[in-house]
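Undergrad: the following block contains a protein sequence and its predicted model.
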Amino acid sequence: MITIRRREERGHFDHGWLDTSHTFSFAGYYDPAHMGFRPLRVLNEDRVKPGYGFPTHSHDNMEIISYVLEGALEHKDSLGSGSVIRPGEAQRMSAGSGVTHSEYNPSSAEPLHFLQIWILPEKRGLAPSYEQKTFPAGEREGRLRLIASRGGREGSVTIHQDADLYAGLLSHGQAVTHSLEPGRHAWLQVARGEVVANGEPLRAGDGAAVSGERSLEIAGSGRAEVLLFDLA
C-alpha cells in the first residue's frame with residue numbers, strides 16, 4: 001500500500017526569513033494524523049534567506065540529518081564541531097544526552113534550501129556526536145546511494161536506529177527499484193522534480209508512505225532528486 005502525502009497538505013509557515021513546510025507535526029504545526037512514520041519523526045523543507053538562520057538551541061535523544069539542496073548551511077555546536085554543508089553532503093548530529101547548536105545561511109546573497117530530518121534513536125541517553133560526509137553526484141546518478149545507516153555501511157554516516165537513508169538523482173527515463181524485506185516500510189520524499197513511484201505520480205515536496213510492498217520502482221519524469229527511507 002502506498003499513501004501519498006501531497007506537498008500542499010503539509011504544515012506551512014512563512015516567517016519572512018524562513019519559509020518552512022512540515023511533513024509531520026512540528027513546533028506550531030500539530031496534526032495527530034501525521035506524527036511521523038515509523039522512527040521517522042520530522043521531515044521539514046526549509047528555505048532560509050541570506051544571513052539568517054536558527055540561533056543556538058538545544059536538542060536531546062534525536063538523530064538529526066541535514067541534506068542541502070541549494071546554497072550552504074553553517075553548523076556550530078557544543079561538541080566543538082563547526083562546518084559548512086553544501087549540496088552533495090550529509091550532516092548527522094546525534095543529540096543523545098543533550099547538545100546545543102546553531103544553523104545559519106552564511107551567504108550574503110544566495111538563499112539556502114535544505115531538508116531537516118529527525119529520526120528517533122533506538123536508545124536514549126547516547127553520547128552526543130557529529131559526522132559529515134560527501135556523496136558526489138556521480139554516486140547518486142541513476143541509482144540510490146546509501147547516505148545514512150546503522151553502522152555506517154558503504155561509507156554512509158552512522159545513525160543509531162534500524163533505518164537506511166538513500167539519495168538518488170534521476171533523469172527522464174531513468175528508473176531504480178528498491179526491494180523491501182518482509183516487515184520493512186519505506187518513505188519516499190521527492191526533493192526536486194517529478195517521479196512516478198509504483199505507478200503513482202509525485203511532484204517536488206510530495207511524500208509517500210509505503211507498507212506491505214515487496215519493492216518500490218521510482219522512475220524519473222524529467223530531472224528529479226529523491227530521498228528514500230527504508231525503515232523497520
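TA: Thanks, I have the structure now.
Undergrad: quick check: closest non-adjacent residue to the most centrally placed residue in the chain.
TA: A centroid search over the chain (C-alpha atoms, centre = their mean) returns residue 117, at 4.4 Å, as the residue closest to the centre. Nearest in space to residue 117, with sequence neighbours left out and distances taken as C-beta to C-beta, 6 or more residues apart in numbering, is residue 65 at 4.2 Å. In short, each C-beta sits where N, CA and C put it, glycine included.
Undergrad: for the residue nearest to the centre of the chain, give me its contacts.
TA: For residue 117, the contacting residues are 40, 42, 43, 44, 64, 65, 66, 67, 165, 227, taking C-beta atoms under 8 Å, 6 or more residues apart in numbering as the criterion.
Undergrad: which SSE is it in?
TA: Counting by DSSP states H and E, the secondary-structure element that holds residue 117 is strand 112-119.
Undergrad: how far off centre is that strand?
TA: 5 Å (C-alpha atoms, centre = their mean, to the nearest Å).
Undergrad: equivalent analysis for stretch 53-60, please.
TA: Relative to its parent chain, stretch 53-60 has a centroid offset of 18 Å by C-alpha atoms, centre = their mean.
Undergrad: then stretch 71-80?
TA: Shown here is stretch 71-80, whose average C-alpha point lies 17 Å from the average C-alpha point of the whole chain (C-alpha atoms, centre = their mean).
Undergrad: what ranges does this protein have for its helices?
TA: The residue ranges that make up the helices of the chain, judged by DSSP state H, are 137-140.
Undergrad: grab the nearest non-local neighbour of residue 16.
TA: Distance criterion C-beta to C-beta, 6+ apart; nearest residue to residue 16, sequence neighbours excluded, is residue 49 at 7.7 Å.
Undergrad: so which of the contacts of residue 117 sit within strands?
TA: Secondary-structure check on the contacts of residue 117 using DSSP state E: residues within strands are 40, 42, 43, 44, 64, 65, 66, 67, 165, 227.
Undergrad: from those, pick the one nearest residue 96.
TA: When the ones in strands among the contacts of residue 117 are compared for distance to residue 96 (C-beta to C-beta), residue 64 wins out at 10.6 Å.
Undergrad: give the contact list for the closest one.
TA: Under the criterion of C-beta under 8 Å, 6+ apart, the contact list for residue 64 reads 92, 93, 94, 95, 116, 117, 118.
Undergrad: now tabulate those residues in JSON lines and tack on pLDDT.
TA: Conversion of the contacts of residue 64 to JSON lines gives the following (pLDDT from 0 to 100):
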{"residue": "92", "pLDDT": "96"}
{"residue": "93", "pLDDT": "94"}
{"residue": "94", "pLDDT": "94"}
{"residue": "95", "pLDDT": "93"}
{"residue": "116", "pLDDT": "98"}
{"residue": "117", "pLDDT": "98"}
{"residue": "118", "pLDDT": "98"}
